[in-house]
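In: Okay, here's the prediction I keep looking at, along with the sequence it came from:
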Amino acid sequence: MTPNLELEHHPKVDASNIPSMRRTQWERYARYHQARSNLLLHIVFVPLFVAGNVALAIALAERHWLWALGGGVLTVASLMAQGRGHRREPLAPEPFTGPRNALTRIFLEQWVTFPRFVLCGAWAQALRRSRSV
């Protein structure tokens with residue numbers, strides 16, 4: 001199943017309802033990822049976000065503070081790069097409704113939705129039809 005590009009209105013989704021948020025994010029994902037430059041940034045920086053998360057978690061567990069700092073920096077730098085990519089999209093992402101909504105949406109996108117987007121072929125399909133912005 002590929003994400004939907006239609007622009008119909010959707011009500012906000014409660015961040016405490018993770019299954020609903022995951023489903024809604026997937027349904028809306030392709031419409032917010034159309035620009036070639038943003039797609040290319042995501043294919044590089046989403047794996048770096050995940051690597052930064054893993055490095056941070058392991059480093060904290062092992063009390064390697066410098067590695068933890070590196071993992072945190074990698075995570076934040078990845079988000080900043082993706083945020084810049086979204087500025088080139090024809091549709092701006094829906095605004096976060098609060099800190100919990102922001103964290104839930106970010107982690108769902110990085111760990112679940114984008115990997116699914118790539119693995120099902122939707123990323124390659126979006127790249128083929130992308131605007132060269």
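Out: It's in. Residues are numbered from 1 along each chain as shown.
In: got the contact list for the residue most central in space within the chain?
Out: Nearest to the geometric centre of the chain sits E109, at 3.6 Å (CA atoms, centre = their mean). E109 is in contact with 25, 29, 46, counting by CB atoms under 8 Å, 6 or more residues apart in numbering. Where you see a C-beta, it was placed from the backbone N, CA and C, and this is true even at glycine.
In: Distance from the longest helix along the chain to the middle of the chain?
Out: In the chain, assigned by DSSP state H, the helix with the most residues is helix 36-62. Computed by CA atoms, centre = their mean, to the nearest Å, the chain-centroid distance of helix 36-62 equals 10 Å.
In: Take the contacts of E109 and write them to a markdown table, including pLDDT, distance to V73 and neighbour count.
Out: Below are the contacts of E109 laid out as a markdown table (pLDDT from 0 to 100; distance: CB to CB, whole Å; neighbours: other CB atoms under 10 Å):
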| residue | pLDDT | distance to V73 | neighbour count |
| --- | --- | --- | --- |
| Q25 | 93 | 26 | 21 |
| Y29 | 94 | 27 | 21 |
| V46 | 98 | 16 | 22 |
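In: Point out where the protein drops to low pLDDT.
Out: Applying pLDDT under 70 to the chain picks out residues 1-15, 131-133.
In: So which residues of it form helices?
Out: 18-29, 36-62, 65-86, 99-108, 114-119, 122-128.
In: circling back to that earlier point, which secondary structure elements does the longest helix of the chain contact?
Out: Contact here means 3 or more CB pairs under 8 Å, 6 or more residues apart in numbering; DSSP states H and E; on that basis helix 36-62 packs against helix 65-86, helix 114-119, helix 122-128.
In: now the angle between helix 65-86 and it, please.
Out: Here helix 36-62 runs at an angle of 160 degrees relative to helix 65-86 (axes from the mean of the first three to the mean of the last three CA atoms, to 10 degrees).
In: Switch the helices of the chain over to JSON lines; also include distance to A92.
Out: Formatted as JSON lines, these follow (distance: least, CB to CB, whole Å):
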{"stretch": "helix 18-29", "distance to A92": "12"}
{"stretch": "helix 36-62", "distance to A92": "12"}
{"stretch": "helix 65-86", "distance to A92": "7"}
{"stretch": "helix 99-108", "distance to A92": "14"}
{"stretch": "helix 114-119", "distance to A92": "18"}
{"stretch": "helix 122-128", "distance to A92": "17"}
